[in-house]
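Build me a model:
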Amino acid sequence: MWRALKRLALISALTAFAAVWAGTGRPGATVFIERPEKVDRQVMRKASEGKTEFLVFLAEQADLSGAGDLAGKAEKGLYVVRALTVAAERAQGPVIEALQSLGADFRPFWIANMIWVRGGAEVVNAMAARPDVARVHANPSVRLQQPFPSAAGAAPQSPAAVQWNIARVNAPAVWDAGFTGQGAVVAGQDTGYQWDHPALKRQYRGWNGTSADHDYNWHDAVHSGGDESCPADSPVPCDDYGHGTHTMGTMVGDDGDADRIGMAPGARWIGCRNMDNGMGTPATYAECFQWFIAPTRMDGSDADPAMAPDVINNSWSCTPSEGCEDPNVLLTVVNNVRAAGILTVQSAGNAGAPCETVMDPAAIYRASFTVGATDRSDVIAAFSSRGPVTSDGSNRRKPDISAPGVSIRSSFKGGGYSIMSGTSMAAPHVAGLAALLVSANPRLSGQVVLLERIAERTALHLVTSQGCGDDGPTDVPNNVYGWGRIDAYAAYRRAISTGTLQVTLGPSQAVAAGGRWRVDGGHWKVDGQQVSGLAAGGHTVELKIVAGWKTPVVLTAVIEPGRTTRLSAVYSRPNPAPWLPLLLRDGSR
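Numbering: from 1, shown residues only. This is a model prediction of the structure:
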């Protein structure tokens, strides 16, 4: 038996040995990859040809579960940034020392506990062999999924009033109610943004009406390449492709005259470039996400989570065909952004019309609010990707929701306008909707689940007979439209509706001793009492101090419109002083 096991082990080792020899890039030199199961195939393939870029994903990752107990975006963001940076500082030191000794180029991240590295097979092997490294991901250049330009070419410069798509989702009715996005901040990571476009300049957070300040408002994750119009590490917002400028126009565009192309023209915007002439990488996507959680000055200093946006639009994907082999390459990153209280809106992709075509990060993740594209008649676009998600084995229903994405007129680089189609054009409608809801009810800021739920439950429900996944002909949600096409005014009405809070206290001895609760600093309430008329969103629940009892930490109640939220809070006895048992044993009283 022992001999058979040894022979099996030897055969397995020789098989692995033969499979993972990789060249170092030096003539005649080879390196054996000891842990090939931890390394993306593209990394091994590229490393055999010389130096390549990859992401070293560490085994230790921060626990952010406590963020869910916090009331608002500011508190969540601060908690998440502290937890992530502490975890990175604690775990990355030995790995960085090893990279330095190997002469590798590297850049540490904290949005997830990972490090961007450029090196050959020797470096890959050293990282894969470490027990504190969970995975070595590829960092390929990924081409932007092309939107579909209008056959008519450039759009008219001065059309009449509101665009059809904005009117279709009832955004003007929300404006008429007094909410255009004021007080909300939207963000986008894309090919860049022409900040001084007539439809975007007034809404740029870095513009005060007379001068521009790009600190905390712009970041360029492209550190090499670029061109004259948009160089690497650009100190000012720029767009070498036009795609980003188009998406931002749909979020907030308004030229101050009659040309309203955006959902939330009263919101402010900030931006990050994640693509060089339409080519991005997992590292540039992650870098933008990291900057959004805690924007910095232009030199990268003084990160401040208080400057984070309410919502991020992501009209891009990371396709396996271009090297994103592991569908979970950005999963932790997106989960951590969500934990910080920031809604991440993601285009579904343009691989339709078959089922199971929502297949690329980050559209496939549960933490992404994934958007399909509809036309003027509220019919799904032929190009819009369908679910369910099978690329990660989850069979998850996607998209989550839909919005107009066919023949969308918006701003374009150069100061003009263009008509384009794609799920890239649909997603910004949903990001703009989030800004309108936060504007109407600021307590929704940081409440990602509630923002999603309001948009879903108020959407125009649309059905399909395509039968993707387990969809029936009357099912809502489904794998074609999700919950349906967004309705901004219906969502607004729900967002300003109120709910009720009921808090039960325990144990009964603490209640009898004077246990009480209150919400948002209001009047003290007794056990089981209700407070109605609370705005949807996060509220702070405080318990009264009772002598001889340990008061729980301040609690958070998330109120849903039209519903009663029930919360339980329990007092506990404080631990006795360590010397008290000794006194009692000595007969002291």
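
so who does the residue lying closest to D375 once chain neighbours are set aside touch?
Nearest residue to D375, sequence neighbours excluded (Cβ to Cβ, 6 or more residues apart in numbering): V406, at 4.0 Å. C-beta: built from backbone N, CA, C; applies to glycine. By Cβ atoms under 8 Å, 6 or more residues apart in numbering, the contact set of V406 is A373, T374, D375, R376, A381, S421, M425.

Just the closest of these to Q203, please.
Checking the contacts of V406 against Q203 with Cβ to Cβ, the nearest one is M425 at 18.4 Å.

top strand in this protein by residue count?
If you go by DSSP state E, the chain has its longest strand at strand 498-506.

which element is the residue nearest the centre of the chain on?
For the chain, T344 is the residue whose C-alpha lies nearest the centre (Cα atoms, centre = their mean; 3.5 Å). Assigning secondary structure by DSSP states H and E places T344 in strand 343-347.

Return the list of helices and strands in contact with that strand.
strand 311-314, helix 331-339, strand 369-374, helix 423-440, helix 448-457 (3 or more Cβ pairs under 8 Å, 6 or more residues apart in numbering; DSSP states H and E).

of all the ones you listed, which lies closest to A199?
Proximity to A199 (Cβ to Cβ) singles out helix 423-440 among the helices and strands packed on strand 343-347, at 12.8 Å.

what domains does the record give for this structure?
31-139, 143-495, 499-570 (automatic domain parsing).

what's the average pLDDT for the first one?
On average, the pLDDT along domain 31-139 is 94.

what's the spacing between it and its chain's center?
Relative to its chain's centre, domain 31-139 lies at 19 Å (Cα atoms, centre = their mean, to the nearest Å).

that older thread, same list (the helices and strands packed on strand 343-347) but as TSV, adding distance to G242 and mean neighbour count.
Shown next, in TSV, are these (distance: least, Cβ to Cβ, whole Å; neighbours: other Cβ atoms under 10 Å):
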stretch	distance to G242	mean neighbour count
strand 311-314	15	29
helix 331-339	26	23
strand 369-374	19	31
helix 423-440	11	31
helix 448-457	28	21
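
need those in JSON lines with mean pLDDT and distance to N479, can you?
JSON lines is the format used below for the helices and strands packed on strand 343-347 (pLDDT from 0 to 100; distance: least, Cβ to Cβ, whole Å):
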{"stretch": "strand 311-314", "mean pLDDT": "98", "distance to N479": "20"}
{"stretch": "helix 331-339", "mean pLDDT": "98", "distance to N479": "20"}
{"stretch": "strand 369-374", "mean pLDDT": "98", "distance to N479": "9"}
{"stretch": "helix 423-440", "mean pLDDT": "98", "distance to N479": "14"}
{"stretch": "helix 448-457", "mean pLDDT": "97", "distance to N479": "14"}
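
want to throw these into TSV with distance to G278?
Shown next, in TSV, are these (distance: least, Cβ to Cβ, whole Å):
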stretch	distance to G278
strand 311-314	15
helix 331-339	21
strand 369-374	19
helix 423-440	12
helix 448-457	29
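
Just tell me which of the ones you listed ends up closest to A569.
The nearest among those, by Cβ to Cβ, is helix 448-457 at 21.1 Å.

Would you mind pulling the contact partners of that closest one?
Contacts of helix 448-457 (Cβ under 8 Å, 6+ apart): 311, 338, 341-343, 369, 400-401, 430, 433-434, 437-438, 444, 477, 482-483, 486, 491, 494-495, 536-537, 558, 560-561.

run the last query once more with 7 Å
Helix 448-457 is contacted from outside by 338, 341, 343, 369, 400-401, 430, 433-434, 437, 444, 483, 486, 491, 494-495, 536-537, 558, 560, using Cβ atoms under 7 Å, 6 or more residues apart in numbering.

before we move on, what about stretch 546-558?
Under Cβ under 7 Å, 6+ apart, the answer for stretch 546-558 is 69-71, 447, 450, 501, 510, 513-515, 519, 537-543, 545, 565, 567, 569-574.

one more time with 6 Å
69, 71, 501, 510, 513-515, 538-543, 545, 565, 567, 569, 571-572, 574 (Cβ atoms under 6 Å, 6 or more residues apart in numbering).

in that stretch, what's buried?
V546, W549, T551, L555, T556, A557, V558 (16 or more other Cβ atoms under 10 Å).

One more: stretch 456-465?
E456, R457, T458, A459, L460, H461, L462, T464.

With stretch 93-104 instead?
V95, A98, L99, L102, A104.

show me where the stretch 251-400 of the chain has strands.
All strands of the stretch 251-400 of the chain, identified by DSSP state E, counting those that start in this stretch, fall at 268-273, 275-276, 279-280, 311-314, 343-347, 369-374.

so which of these comes closest to E37?
The nearest among the strands of the stretch 251-400 of the chain, by Cβ to Cβ, is strand 279-280 at 27.1 Å.

Okay, now the sheet partners of the closest one, with direction.
strand 142-143 (antiparallel), strand 275-276 (antiparallel) (DSSP bridges).

Mind putting those into TSV with mean neighbour count?
Listed next are those as TSV, based on neighbours: other Cβ atoms under 10 Å:
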stretch	mean neighbour count
strand 142-143	21
strand 275-276	26
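
Indicate which one of the ones you listed is closest to Q290.
Closest to Q290 of the strands paired with strand 279-280 is strand 275-276 (Cβ to Cβ; 16.3 Å).

And for the closest one, what's in contact with it?
The contact list for strand 275-276, computed with Cβ under 6 Å, 6+ apart, reads T191, V222, G225.

Pull out the buried members of the residues you listed.
T191, V222.

any chance of the contacts of strand 275-276 in CSV, plus secondary structure and distance to D132?
Listed next are the contacts of strand 275-276 as CSV, based on DSSP: H, G, I helix; E, B strand; the rest coil; distance: Cβ to Cβ, whole Å:
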residue, secondary structure, distance to D132
T191, coil, 36
V222, coil, 30
G225, coil, 32
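
nearest to Q182, of the helices and strands packed on strand 343-347?
Per Cβ to Cβ, nearest to Q182 of the helices and strands packed on strand 343-347: helix 423-440, 5.4 Å.

Just want the angle from that closest one to strand 268-273.
140 degrees (axes from the mean of the first three to the mean of the last three Cα atoms, to 10 degrees).

Show me how far helix 423-440 is from its chain's centre.
14 Å.

who are the neighbours of it, in terms of helices and strands?
If you count contacts as 3 or more Cβ pairs under 6 Å, 6 or more residues apart in numbering; DSSP states H and E, helix 423-440 packs onto helix 243-252, strand 311-314, strand 343-347, strand 369-374, strand 401-404, helix 488-495.

For these, please prepare JSON lines with the additional fields distance to G469.
Shown next, in JSON lines, are the helices and strands packed on helix 423-440 (distance: least, Cβ to Cβ, whole Å):
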{"stretch": "helix 243-252", "distance to G469": "29"}
{"stretch": "strand 311-314", "distance to G469": "24"}
{"stretch": "strand 343-347", "distance to G469": "19"}
{"stretch": "strand 369-374", "distance to G469": "14"}
{"stretch": "strand 401-404", "distance to G469": "16"}
{"stretch": "helix 488-495", "distance to G469": "26"}
